[in-house]
Each structure stands twice: as C-alpha cells, then as structure tokens.
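Asker: when you get a sec, could you give me coordinates for this:
(2 chains)
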There are 2 protein chains.
Amino acid sequence: MNNKQLFENIKKKASFLCIGLDTDVSKIPTFLLDSIDPMFAFNKEIIDATAPYTIAYKPNLAFYESEGLKGWQSLEKTVQYIHENYPEIFLIADAKRGDIGNTSSMYARAFFEKMKFDAVTVAPYMGEDSVKPFLTYQGKWVVLLALTSNKGAIDFQYFTDCNSGEKLFEKVLRISQNWGSEANMMYVVGATKADELAGIRKIVPDHFLLVPGVGAQGGSLQEVAKFGLNKQCGLIVNSSRAIIYDSNGQDFAVKAGASALEIRDEMSELLRFYDLIP
Amino acid sequence: MNNKQLFENIKKKASFLCIGLDTDVSKIPTFLLDSIDPMFAFNKEIIDATAPYTIAYKPNLAFYESEGLKGWQSLEKTVQYIHENYPEIFLIADAKRGDIGNTSSMYARAFFEKMKFDAVTVAPYMGEDSVKPFLTYQGKWVVLLALTSNKGAIDFQYFTDCNSGEKLFEKVLRISQNWGSEANMMYVVGATKADELAGIRKIVPDHFLLVPGVGAQGGSLQEVAKFGLNKQCGLIVNSSRAIIYDSNGQDFAVKAGASALEIRDEMSELLRFYDLIP
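Answerer: Numbers count the residues shown, from 1 in each chain, chains lettered A, B, ... in the order given. Down below sits the predicted model:
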C-alpha cells in the first residue's frame, strides 16, 4: 500500500484512526479465557466491531511474545483474519525493531514475508543500515521512532547540538528522509507533544506521522489535527486501551465499536473542517 | 546470575566467549533440513560441541522470528536445552527491544518468565521508563546498546553536545548507570571501535561490556582485551558467524568446536597475561 492509497482509504472511511491491539490476557473479559485461543477470540470481536471506523490496526508485539508460542500463534491468526476480511486495512507491527543489516533483513522477512504486515515500527539508534533492509520491500513501510510519547523521551531524544540547535529527534527526521520516501516511511510522534508538531511538520511536511498517546496518555486530537494535518491528511492517530478495554463485560466489543465510532466522528469533523473531505 | 557468578564462570572456563546463535536455515548444512526441527538440530550440535569453551550463548531473535511459529518453537527448545544441559551458561536474548513502560514489562515477561533468558539486549532511544521494567527481575540483566559495531552507528550515536563534548553514546552510558547496577546492566560496545574502549572504561569502569564484531566484522581480540578488561574481566566477547558457519559439511559441529576452542585459548592467554587467572 502506498501513501496515495492510504489517503484514499482515509477519505473513504472519513477516519485516520489506528487501533492498537495491545491484547493483554489479564485484561480481556474473563469469559473469553475458556475459548481455545482467548487472544484471537478477543481480537476477532474487537476487529469486527471497529473495522468500519478505522483505517489501521497495530498489534503490539510484546503482548503476544509474552504469551510465548501461543501468543505468536494468536498474532499470526489475527493478521490473517484482518487480511482475509478487511483487505483495505493498513497493518502495522508495533515491534520497535532495528539491528545490524543482516539481522534487520531477517526482521523484515519475519514481518513482511512470514506475516503480511504492511509496516513495522523501527528504532533509529543503530542508523541507516539498520533501517534500510525494511525499505527494500515494495509497498511496505518503516515507521521510524522520532519523538515518543513516554516520559523517557526526554532522556536522549532532546539531546541538542548547541551549534545548530538541532535536537536528536530532529536529526533523526532530517537524516532518515534520505533513506526512503513519503511512500514508504512514516514517523512516530507522540501526541503528548502536540505543540511540537508544527516544528516537526517543517522538517517532514509530506510524510505520514503515526501519533500515539491520544486518549489514555492524555493527548488532544484537535491539537494534533491543527498542527499535524497536511494535504494528504498525513496523520494516523492511534488509540489502544481507550478503545479495546472500554468494557470488560459481555458488551466489550459493542463498547469498543462505540468508542471507535466516537473518535471516527470527531476525525470526520476535523477532516471536513480542514477541507480534506467534502 | 550476578556479576560475581559471571566472573567465576569466566575463571573456571578461562574464557569470556559468547557464541551468537544467528541460525539461518539458508546457511546451515543441507542434510539437516530433513530433520523435524532443522534450527534446533543445528543449535543442539553447535552447543554440544562448543559449550566447554563458552560462557554465554546469544540467540539472535530475528533469525527465529523470520521462520514464524516454527522458529519461535526452535528458539524455545534451544533455550530449554541449554538450561537443562549447561546450567552454568549465561543466556542472552539478542532482541534489541525497548518500548513504553507497560510494553517493556511485557517484553521482560516474554524473555525472563516465558523463556528463561538471563539477559536481553535493549535499545536506549526511548529512555529510562523503557529500560527499567527489565531491571525489576532479580538476577536478570539488561544489555543496553551504547556504541554498536555497524556502519550506521555513525548516524546518531556520535551526535555531540558541543558544550560538554559528550557524544550520545557517552550520555547513554553515563545516564543509564543510575537505572541499575553492575550486577544487572551491561553495555554493547562494538569491537570495531577498540580504541574507544579506553574512553568508555572511564565512564563505566566496573560494568560488563558485551562486545560484538570480533572476527567476521574485523575487530581484534587483543585490542579489545587491552582497553576493555577490568578487575572482574568485565568483557564478554561475542562471535557468531565465524564459529557457527565455519563449515557446512557433516563436520560443521566439530569445526565449530575447534573454532571456539581456538578463541578460548587466545582468551585464556589474555586472562593470564592480565593476571585474571593463574
């Protein structure tokens, strides 16, 4: 999927929502624990209830790996289920990988060939040759960490070159643009830093930004839209816990669907307000 | 396992070798492809042939993930096999993980609870709260990326604060020391930068360093020992391809054993030269 197709889907669904499948067996409704594959059972219900309102899903690999072999199986089934039933969905492996070239090639194979993800999140610390192997796949994407939404973002991402005033996350944005294009790279930028989106947009005016931290982590969607939207929308805003754990009763999927619809409606309004949809 | 036990094992085996299990099905001897689990069959032979000469194994997660569910299974069997047969071995998951706190907790659970790794490699980009969840496990370790051995290390790791002259990797070493201790944190420092080890030792005099890049990537063991050894050895030097792919015939395990023995002998000499063993 390229950036134009992504924008088409956004317009069609009047949404730039991504739903994070941070599926934690200790948080899903207890009645699901009796099913053969509780993680998949939960995901399937959530997906069926929310797919009309979202353009992307983002399984968080840690949650599946923490369940070992069983979790890996649930992940594979989830990916396959989405592709078979919702082929328009953009599928992001939230994996934060990145290693020397020959190893990153193996990760690329894992996420793009073995499982049919469209994109994978990558940490930039090891530089160009740790990112490039992911970019050799036609139609596949790297989502590179730039400015994250957590407290620890302050530790290194703001490290500043006092000659130029450039911060590390700004250098990551500037340098990494040479490694790919707007059609195969996007950046993670935390919503908790919405006011910084304006500066980020100056460095990467045309790239998509994947924005976590709206909702549970406290970011505001209106602020994000104000500073982050570009001519092709250029935003994918993720929400995980606020949607998928809205209820843990029998009605969990219905509630998740309602929460997703609510965010979608807010997004539709914003897309209309900024003249991106009629 | 704590740093004292690690040093005891180093003295007992007169070795500070770690063997990287970068097991690539396209590189292992073809006759193994007929076995039920070729990756595990390969690992088992390599482990049995090299265990007397090594203090640690480091499976590289990417290679297992690239084989999907089957690969994850091979990894679990490999970890179990090592624990059951060589309980003195220090087992490192080379996974380069790191994410917001609740997600890092899940990764910690995956590697320390589900599989019984002793240590996991972690990327520092997301800062303190992405690393700390791994440090809550008694006797378990974080191996934090500082200065890596690949070409892309230059892109961000040398980013310099021109007031203090401090580079990003130096800041990572300095700041992260407050997150753990010498008994639960070590650092990745590429052997291709042996001359920089002296400076690194000034920042982290007492921590263990995990040094990749000796052999296939061109680093020299003598240089690494000269600048990197401390009173408790403080070095674990990794070799992957140069040992495990020394031959791809019927004699692959014998050859791997011989290669490991050769490096062990060089290490024994160095440990003796620097008065760390009698």
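
Asker: go ahead and report the secondary structure state at the closest residue to residue A:81 other than its chain neighbours.
Answerer: Distances taken as C-beta to C-beta, 6 or more residues apart in numbering or on different chains place residue A:44 nearest to residue A:81, at 6.0 Å, with adjacent residues excluded. All C-beta atoms are positioned from the backbone trio N, CA, C, and that covers glycine. Residue A:44 falls in the helix class when you classify it by DSSP: H, G, I helix; E, B strand; the rest coil.

Asker: okay, residue A:44: pLDDT?
Answerer: We note a pLDDT of 98 for residue A:44 in this prediction.

Asker: same question, residue A:215
Answerer: According to the model, residue A:215 scores 65 on pLDDT.

Asker: how about the one 10 residues further on?
Answerer: On pLDDT, residue A:225 comes in at 95.

Asker: could you give me the buried positions within the host helix or strand of it?
Answerer: Assigned by DSSP states H and E, residue A:225 belongs to helix A:221-228. Across helix A:221-228, burial judged by 16 or more other C-beta atoms under 10 Å in any protein chain shown covers A:221, A:224-228.

Asker: of all these, which two lie farthest apart?
Answerer: Spatial extent of these (C-beta to C-beta) is set by the pair A:221 and A:227 at 11.4 Å.

Asker: quick one: the helices in the stretch 151-278 of chain A?
Answerer: Along the stretch 151-278 of chain A, counting by DSSP state H, counting those that start in this stretch, helices occupy A:153-156, A:168-176, A:197-203, A:221-228, A:241-244, A:252-273.

Asker: how much does the fourth one deviate in direction from helix A:252-273?
Answerer: Spelled out, that is helix A:221-228. Relative orientation of helix A:221-228 versus helix A:252-273 (axes from the mean of the first three to the mean of the last three C-alpha atoms, to 10 degrees): 40 degrees.

Asker: restrict helix A:221-228 to CA atoms and write it as PDB.
Answerer: Taking Å, rounded to 0.1, in the frame of the first residue of the first chain, the C-alpha atoms of helix A:221-228 are listed here in PDB:
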ATOM      1  CA  LEU A 221      -7.000  15.100  18.900                       C
ATOM      2  CA  GLN A 222      -7.900  18.700  18.000                       C
ATOM      3  CA  GLU A 223      -4.400  19.900  18.800                       C
ATOM      4  CA  VAL A 224      -2.800  17.000  16.800                       C
ATOM      5  CA  ALA A 225      -5.000  17.800  13.800                       C
ATOM      6  CA  LYS A 226      -4.300  21.500  14.000                       C
ATOM      7  CA  PHE A 227      -0.500  21.100  13.900                       C
ATOM      8  CA  GLY A 228      -0.200  17.800  12.200                       C
END
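
Asker: can you tell me what sits against that helix?
Answerer: With contacts defined as C-beta atoms under 8 Å, 6 or more residues apart in numbering or on different chains, helix A:221-228 is touched by A:189, A:191, A:194-195, A:197-198, A:200-201, A:209, A:211, A:214, A:234-235, A:237, A:263, A:266-267, A:270, A:274.

Asker: one more time with 10 Å
Answerer: A:16-17, A:189-201, A:208-209, A:211, A:213-215, A:220, A:233-235, A:237, A:239, A:263, A:266-267, A:269-271, A:273-274, A:276 (C-beta atoms under 10 Å, 6 or more residues apart in numbering or on different chains).

Asker: okay, now the unreliable bits of the stretch 1-150 of chain A?
Answerer: Across the stretch 1-150 of chain A, nothing is flagged by pLDDT under 70.

Asker: which part of it gets nearest to chain B, residue-wise?
Answerer: In the stretch 1-150 of chain A, no residue comes nearer to chain B than residue A:127, which is 2.4 Å away by C-beta to the nearest C-beta.

Asker: coming back round to it: hang on, the residue nearest to residue A:81 packs against residue A:82?
Answerer: Yes. The pair residue A:44 / residue A:82 is scored as a contact, 9.5 Å apart, by C-beta atoms under 10 Å.

Asker: looking only at neighbour counts, state which of the two leads.
Answerer: The neighbour count for residue A:44 versus residue A:82, taken as other C-beta atoms under 10 Å in any protein chain shown, is higher for residue A:82 (24 against 18).

Asker: separation between residue A:273 and residue A:226?
Answerer: Counting by C-beta to C-beta, to the nearest Å, the gap from residue A:273 to residue A:226 is 10 Å.

Asker: around chain B, pick out the residues from the stretch 151-278 of chain A.
Answerer: A:151-164, A:166-169, A:171-172, A:175-176, A:179, A:188, A:190, A:212-213, A:216-217, A:240-241 (C-beta under 10 Å from any C-beta of the partner chain).

Asker: now list the buried members of the residues you listed.
Answerer: Using 16+ other C-beta under 10 Å, the buried members of these are A:152-153, A:155-157, A:159-160, A:166-169, A:171-172, A:176, A:179, A:188, A:190, A:212-213, A:216-217, A:240.

Asker: so where's the stretch 151-278 of chain A shaky on pLDDT?
Answerer: In the stretch 151-278 of chain A, residues with pLDDT under 70: A:215-219.

Asker: which parts of the stretch 51-200 of chain A are strands?
Answerer: A:56-59, A:90-97, A:119-122, A:141-147, A:185-189 (DSSP state E, counting those that start in this stretch).

Asker: for residue A:78, list the residues it contacts.
Answerer: For residue A:78, the contact set (C-beta under 10 Å, 6+ apart) comprises A:21, A:23, A:37, A:39-40, A:42-44, A:46-47, A:57, A:59, A:64, A:91, A:115.

Asker: likewise residue A:270?
Answerer: So residue A:270 contacts A:14, A:16, A:221-222, A:224-226, A:229, A:233, A:235, A:237, A:276-277 (C-beta under 10 Å, 6+ apart).

Asker: now do it against chain B, distance only.
Answerer: Relative to chain B, residue A:270 is positioned 25 Å away (criterion: C-beta to the nearest C-beta, to the nearest Å).

Asker: against residue B:165, how distant is that residue?
Answerer: 46 Å.

Asker: over to residue A:8?
Answerer: 50 Å.

Asker: count of neighbours near residue A:93?
Answerer: Neighbours around residue A:93, by other C-beta under 10 Å: 24.

Asker: next up, the contacts around it.
Answerer: Residue A:93 neighbours (C-beta under 10 Å, 6+ apart): A:58-61, A:75, A:79, A:107, A:110-112, A:115, A:117-122, A:143.

Asker: and the closest residue to residue A:121 other than its chain neighbours, bridged to which residues?
Answerer: Nearest residue to residue A:121 in three dimensions, chain neighbours excluded: residue A:143, at 4.6 Å (C-beta to C-beta, 6+ apart). Note on residue A:143: beta-bridge partners residue A:121, residue A:186, judged by DSSP bridges.
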